[in-house]
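Asker: take this sequence and fold it.
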Amino acid sequence: MCSQAGIAFSETSPDEDHHAVDGALNLGTATVTVQVKCSGQFKISGRSATWPAEVEWRDKWSRSKLPIYFVLVILDVDDQASWLMHADDGTMHRAAAFWVRVDKLPAGSNINVPKGQRLTAGTMTQWAADVDACFAPLGQAS
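Answerer: Presented below is the predicted three-dimensional model:
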């Protein structure tokens, strides 16, 4: 999706996950970071999915001056046989990714990922607006 949106993505080395993030997206004006989890314990359909937020993650995310996003990739547990479809024109992944901003996550709460926030190339526009808002003068939206 990042390539489709023309956004550079850099993955964090497994040994360097000091900030509880898995990667960074360079949006041009600034970089945002993401924590990505993949799970087969949820259905793609529905309103939301809840993921446990480790205290250490929340503490690190809350210190960020820029947005941090949690991305949940769901592989429907009831449709495991269809997770991958091999066709002559490519391999299709039957998965869906959803996102939520977590740098302002309330203390003690789990991560509630609304399924209305589907991760698409267009999501990067929203994330860029969130970054721009971090630099707007107080009381003004960008």
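Asker: so where's this protein uncertain?
Answerer: Residue ranges of the chain with pLDDT under 70: 15-18, 78-80, 138-142.
Asker: as a quick check, tell me the outermost residue of it.
Answerer: residue 88 (30.6 Å; Cα atoms, centre = their mean).
Asker: what sits against residue 119?
Answerer: Residue 119 makes contacts with 1, 71, 97, 98, 99, as judged by Cβ atoms under 8 Å, 6 or more residues apart in numbering. Heads up, the C-betas are built off the backbone N, CA and C, glycines and all.
Asker: isn't the first one up against residue 122?
Answerer: No: applying Cβ atoms under 8 Å, one finds residue 1 not in contact with residue 122, separated by 9.4 Å.
Asker: tell me which of the two has more neighbours.
Answerer: residue 1 (15 against 11; other Cβ atoms under 10 Å).
Asker: now the more buried one: closest residue in space, sequence neighbours ignored.
Answerer: Spatial nearest neighbour of residue 1, chain neighbours left out: residue 121 (5.3 Å); criterion: Cβ to Cβ, 6 or more residues apart in numbering.
Asker: centroid-nearest residue for the chain?
Answerer: residue 71 (2.6 Å).
Asker: so that one touches residue 34, yeah?
Answerer: Yes: here residue 71 lies in contact with residue 34, judged by Cβ under 8 Å, at a distance of 5.4 Å.
Asker: show me what whichever strand in the chain runs longest is packed against.
Answerer: Across the chain, the longest stretch assigned as strand under DSSP state E is strand 31-39. Applying 3 or more Cβ pairs under 8 Å, 6 or more residues apart in numbering; DSSP states H and E, one finds that strand 31-39 contacts strand 23-26, strand 48-51, strand 68-74, helix 123-134.
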